[in-house]
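In: got a predicted structure plus its sequence, pasted below:
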Amino acid sequence: MQSDPDKLLKKHEELTHSEGVTVRSHVQRPTDDGLVNTLMLDDYNVPFKYLRQRKYKNLTGQQVNLTYYPTTESVAGFEIEVMKVVRIKVN
């Protein structure tokens, strides 16, 4: 059973929920913890990342609903903003 985004938003103030956003690109990379999925969305200039244990279908061109929060990551000595996805659902 998937979690209700409204319940998540009430419980965690830092979360943001977006509906009907289009995925511009979707990349899956293996790591020690599983597969890191990175999404780039139309009208957003920041990557959206989430972790899965198994490979997932390619979401490029799909419309999705996302619940996420902002965080930072260090890449090659630079701090970049990344959105950490806690819930994703394909429309």
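Out: Thanks, I have the structure now.
In: residues near the spatially closest residue to Gln63 that is not a sequence neighbour, how many?
Out: Once flanking residues are discounted, Gln63 sits nearest to Asn91: 4.2 Å by Cβ to Cβ, 6 or more residues apart in numbering. Where you see a C-beta, it was placed from the backbone N, CA and C, and this is true even at glycine. Residues near Asn91, counting by other Cβ atoms under 10 Å, number 10.
In: do the same with Thr71
Out: Neighbours of Thr71 (other Cβ under 10 Å): 11.
In: is the nearest residue to it once chain neighbours are set aside in a helix, a strand, or coil?
Out: Closest residue to Thr71 apart from its sequence neighbours, by Cβ to Cβ, 6+ apart: Lys84 at 5.0 Å. Here Lys84 is strand, with the state taken from DSSP: H, G, I helix; E, B strand; the rest coil.
In: still on that earlier bit, contacting residues around the residue nearest to Gln63?
Out: 19-20, 62-65 (Cβ atoms under 8 Å, 6 or more residues apart in numbering).
In: one more time with 10 Å
Out: When contacts are counted by Cβ atoms under 10 Å, 6 or more residues apart in numbering, Asn91 touches 19-22, 62-65.
In: over to Met40?
Out: 23-27, 46-48, 60.
In: how about a cut-off of 8 Å?
Out: With Cβ under 8 Å, 6+ apart, Met40 has these contacts: 23-26, 47-48.
In: I'd assumed Thr38 was in contact with Val27.
Out: Yes: counting by Cβ atoms under 8 Å, Thr38 is a contact partner of Val27 at 4.8 Å.
In: tell me where the chain has helices.
Out: 5-11 (DSSP state H).
In: quick one on the thing from earlier: and the gap between the residue nearest to Gln63 and Asn45?
Out: The gap separating Asn91 from Asn45 is 22 Å, by Cβ to Cβ, to the nearest Å.
In: shaky segments in the chain?
Out: Within the chain, the stretches with pLDDT under 70 are 1-13.
In: show me which of the contacts of Asn91 is closest to Lys55.
Out: Gln62 (15.8 Å; Cβ to Cβ).
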